[in-house]
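Asks: quick one, structure for this:
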Amino acid sequence: MDELEELSISHHKVSFRQKHSLLYFILFPAISTLLGWGLRGFIGGGPYGAMIPGAMVTFVICMLLDIPLVLATIVVVFGTAGTAMGGEMTYGQTIGFLNNPGTIWWGFAGTSLKGGVWGLITGLFIGLGLVHQRIKIKIIVTGFLIFLIGYVIGLKLINDPKLLYFSNPFDHPRNESWAGLLFAAVGLLIYLKSKIGAEKFMVVLRFAVYGFIGGALGFGLGSLWITVGSRFGKSFFIIDWWKMMEFSFGFLLGGFLGFAAWRSKDIDSHSLQKITPNLQKSFLIELTSVILIGFFIYTMMELFESYLDTINNVGGILPGLLVTIGRVLVSYLFIGCLLIIIALRWPYLAFQIAVTITFCHCMIDLVTDERLFPALQSSQLLIIVIIIAASIVVGVLVAIFQRKQFILKSMFLILVWSTTTVAILRMLTDNVFNFRRDHSLSQIIIGDLFVFNVFIISAIMVSVMVVKNKSSRIRSAL
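Replies: Numbers count the residues shown, from 1 in each chain. Below you'll find the predicted structure:
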């Protein structure tokens, strides 16, 4: 009996789930998101970098809930894309307020609000992914359109007029988008409430609400490390307070999403379609497809964004309308929805999107860093070759292990260790391991190696957790 046939067995034959404690449900996704969020700020900022924690936490939730493979395949793309959408928000200047005693609370309010919106979007899409197979595709696509329209409304009503502004209006003011994301999420939730059953909507709402709470507490409280560092930083060995903020954000957000998973542990994930999607194509089709997707989002969309900047300088009603539409099209909100639709249509590309496309951006961020590789910047062709070659290696690993046993575990481990490897490469090229001679051993271990230690320890911890996780459905399906 092959893998897909076995997945279609009625659930009473494979429903013996491993019992995990509440603490395990919280810690596993918390540590995974801590790692992913720390990596995101180290090897790939912006929305594409946020795909890292999004993929990691969703893989973990699927394993904890023992989600069938044919469903988990798509759920991971929902979670990856949803988390990445929050990366559209700017927050650098907001965090800057935390260094000034007179603006600490304004900065704290801004990080709490933006973190809450980020967690709301993340939880919303994870929850929607978990119930998507029992929702008509037309409803999902229409929901995405409402989502994008809500984004524009929020931008035009609050963000663009700067009615509630958490950046510096006097020194290089940033274009904020938190209200656009908030309106988008609320619009999608209202639409889903009217279109899907109460049981399915409760799953979506639960993840959205706990995501909001975890994001608000995680980013709000986590950002206070910046204040601690600015006032008392010299009294501690820890020298990277920004990473402390990121680790705290990821840990709390992941923990609350894990609690939402705990509350949803009786979710009916057995109502599979009678015809299960095809998860396998030839290696050539799979790798060619993922290369084309990467080329589109990392090259064509960037060129389109540059073209929009040219139109924006023209002025007038029509150019302004085109810029607004274009602003949506180049945002990760649109790209994320597009990636989800691609995964729904061609499920065999789902893991390539969640793992290979995510890794690809890490390599782009690494090799295009002028500070680390100044000589390399003169050869764009060599940069492209390195990025494609490294991405193909990961893509081949994804394709190979997608055809073997323990698929979810394998995908998670490939993502964890490929991104951690990029982080270590960045440390090596950035001379992180060249310690000052006047530093004591404790200063080196606790301070100089703080980020490296967190990355390695958390990567090992989640790897042990995923290997020891005995999800019956993951095993029996493979």
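Asks: any stretches of the chain with poor pLDDT?
Replies: The chain contains residues with pLDDT under 70 at 1-18, 233-238, 268-280, 307-319, 471-478.
Asks: number of residues surrounding the closest residue to F42 other than its chain neighbours?
Replies: Of all residues not flanking F42 in the chain, A423 sits nearest, at 5.5 Å (CB to CB, 6 or more residues apart in numbering). (Each C-beta comes from the backbone N, C-alpha and C, glycine too.) The local packing of A423 (other CB atoms under 10 Å) involves 22 other residues.
Asks: quick one, phi/psi of A423?
Replies: The phi/psi pair for A423 (degrees, to the nearest 10) reads phi -60, psi -40.
Asks: where's it relative to S463, distance?
Replies: Distance of A423 to S463, computed by CB to CB, to the nearest Å: 15 Å.
Asks: got the buried residues for the helix or strand that G254 is a member of?
Replies: G254 is part of helix 241-263 when elements are defined by DSSP states H and E. Judged by neighbour count using 16 or more other CB atoms under 10 Å, the buried positions of helix 241-263 are 241, 243-263.
Asks: equivalent analysis for stretch 149-167, please.
Replies: For stretch 149-167, by 16+ other CB under 10 Å, it's G150, Y151, V152, G154, L155, I158, N159, D160, Y165, F166, S167.
Asks: and the fifth one, what does it touch?
Replies: Contact criterion CB atoms under 8 Å, 6 or more residues apart in numbering gives S177, A179, G180, R327 as the residues in contact with L155.
Asks: which two in those residues are spaced the farthest apart?
Replies: A179 and R327 (14.2 Å; CB to CB).
Asks: compare those two and say which is more crowded by neighbours.
Replies: Neighbour count, other CB under 10 Å: between A179 and R327, A179 has more, with 24 against 19.
Asks: pretty sure the more buried one is in contact with Y165, am I right?
Replies: No: taking contacts as CB atoms under 8 Å, A179 lies outside contact range of Y165: 10.0 Å.
Asks: SS state for the closest residue to Y332 other than its chain neighbours?
Replies: Leaving aside its chain neighbours, Y332 sits nearest to P47 (3.7 Å; criterion: CB to CB, 6+ apart). Following DSSP: H, G, I helix; E, B strand; the rest coil, P47 is assigned to helix.
Asks: quick one: residues contacting P47.
Replies: A84, M85, G86, G87, E88, Y332, G336.
Asks: so the longest helix belonging to the chain versus helix 241-263, what angle?
Replies: Taking DSSP state H as the criterion, the chain has its longest helix at helix 198-232. Angle, helix 198-232 to helix 241-263, by axes from the mean of the first three to the mean of the last three CA atoms, to 10 degrees: 160 degrees.
Asks: so can I have a markdown table of the buried residues of stretch 149-167 showing distance to I196?
Replies: A markdown table is the format used below for the buried residues of stretch 149-167 (distance: CB to CB, whole Å):
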| residue | distance to I196 |
| --- | --- |
| G150 | 18 |
| Y151 | 21 |
| V152 | 24 |
| G154 | 23 |
| L155 | 27 |
| I158 | 28 |
| N159 | 29 |
| D160 | 32 |
| Y165 | 35 |
| F166 | 34 |
| S167 | 37 |
